[in-house]
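>>> Everything below, folded, please.
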Amino acid sequence: MASLNKALLIGNLGKDPELRYTPSGKAVASFSIATTNQWKDKDGQKQERTDWHNIVVWGRQAEIAKDYLRKGKQIYLEGRIQTRNYDDKDGNKRWITEIVADRFLMLGRKGEGDAGDEFPPPPAESDAPGAGNEDDLPF
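Numbering: from 1, shown residues only. Presented below is the predicted three-dimensional model:
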């Protein structure tokens, strides 16, 4: 049976992307984005909830993210949800859920210089996350 793992988000960057390179030289950028939902409660009062999402971008798109994305910038992104574990500096096992982005699009008003800029299509098969060894993640 087929399955689907697809995440579509529109949100604002919570921090500038951090660019690192794996020991094999592959670029990987990480950053967070915030999405906010608003609704009215049973008393008619406006309520709001903000969720934070960890984002990872690989290859050339990681370098582009580092060059063009800034804290506060609104973006649209497509990717897949991934959960992985790692050992923290104290040796404790930690789990993290993140969105591995395939593509992103900067949003905003015209005149902001980069509104509507679309970045490269998903990476080639050999450049895709999982094509190499994810054990050499730098974080």
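>>> now the most far-flung residue of the chain relative to its centre: how far from R49?
What lies farthest from the middle of the chain is D43; by CA atoms, centre = their mean that is 35.8 Å. Between D43 and R49 the distance is 17 Å, computed by CB to CB, to the nearest Å. (Glycine included, C-beta is placed from N, CA and C.)
>>> V100 too?
Counting by CB to CB, the gap from V100 to R49 is 24 Å.
>>> more neighbours, these two?
For V100 versus R49, the count of surrounding residues by other CB atoms under 10 Å is larger for V100: 21 against 9.
>>> Quick check: mean pLDDT of the helix or strand where the more buried one lies?
Per DSSP states H and E, V100 falls inside strand 93-106. This predicted structure assigns strand 93-106 an average pLDDT of 94.
>>> Return the distance of that strand from the chain's centre.
Computed by CA atoms, centre = their mean, to the nearest Å, the chain-centroid distance of strand 93-106 equals 4 Å.
>>> what's the answer for stretch 9-23, then?
In this view, stretch 9-23 has its centroid 6 Å away from the chain centroid, taken as CA atoms, centre = their mean.
>>> gap between the two ends of it?
30 Å (CA to CA, to the nearest Å).
>>> Show me the contact partners of it.
Defining contact as CB atoms under 8 Å, 6 or more residues apart in numbering, one finds that stretch 9-23 is touched by 27-36, 52-53, 57, 62-63, 65-66, 69-77, 99, 107, 132, 136-139.
>>> if we go to 7 Å?
For stretch 9-23, contacts defined as CB atoms under 7 Å, 6 or more residues apart in numbering pick out 27-35, 52-53, 62-63, 65-66, 69-77, 99, 107, 136-139.
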